[in-house]
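Chemist: sharing a model prediction with you, sequence too.
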Amino acid sequence: MKTLVKFLLLIFPFLMNAQVQTEVSLIKYEDLEKRISQEKDKLVVVNFWATTCAPCVKELPHFIEVNKKYSQNPNFKMLLVSLDMARDKQKVINFIKNKNLNAEVVVLDDNKRMNTWIPKFQKDWEGEIPVTLFYKNGEKVFFNNGEMSLEELESAITKHYNL
């Protein structure tokens, strides 16, 4: 019995880190912008993706791995922003569970105003995904249009913020 208790105490912190979301918030652009700008002295990694985007789904394991590596660092935050339709919220939740996404996931429910908010993230971004941005104190420090390998993601994090 003592051995079982010791084992559970030993693995408990790892189990807590691996928690997967069971709910997602539907947010508007202004809410997303506010969440990004409120994070002070952190590198905020924001990835725009969708469950129907093959390159997005292909790169998500890299984001999961990076988030596992840095999630305990108080200077790091990852936010996965789904561009799936609000009516597909349950599909996103099922996807999160199936893929064991360990980063925070939100659904950007602002499709009617896409032409307004897309250029606010990057002037020449036309809305194609996947797209990854890094922010520090609300200021964009990195933009990548397209799929990222694990090596590219790690390299960009190392270059833009010493974690």
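Modeler: Okay, I see it. Numbering: from 1, shown residues only.
Chemist: okay, CA-based contacts and neighbour counts for the rest of this
Modeler: OK.
Chemist: for Val106, give the beta-bridge partners.
Modeler: Note on Val106: beta-bridge partners Ser25, Val81, judged by DSSP bridges.
Chemist: how close does it sit to Lys159?
Modeler: Taking Cα to Cα, to the nearest Å as the measure, Val106 falls 26 Å from Lys159.
Chemist: of the two, who's got more company?
Modeler: Val106 (23 against 11; other Cα atoms under 10 Å).
Chemist: contacting residues for the more buried one?
Modeler: With contact set as Cα atoms under 8 Å, 6 or more residues apart in numbering, Val106 has these partners: 24-27, 79-82.
Chemist: let's see 10 Å
Modeler: 23-28, 32, 48, 79-84, 89, 92-93 (Cα atoms under 10 Å, 6 or more residues apart in numbering).
Chemist: check Thr158 too.
Modeler: Thr158 neighbours (Cα under 10 Å, 6+ apart): Glu152.
Chemist: tally of neighbours for the nearest residue to Trp125 once chain neighbours are set aside?
Modeler: Once flanking residues are discounted, Trp125 sits nearest to Pro119: 6.1 Å by Cα to Cα, 6 or more residues apart in numbering. Neighbour count for Pro119, taken as other Cα under 10 Å: 13.
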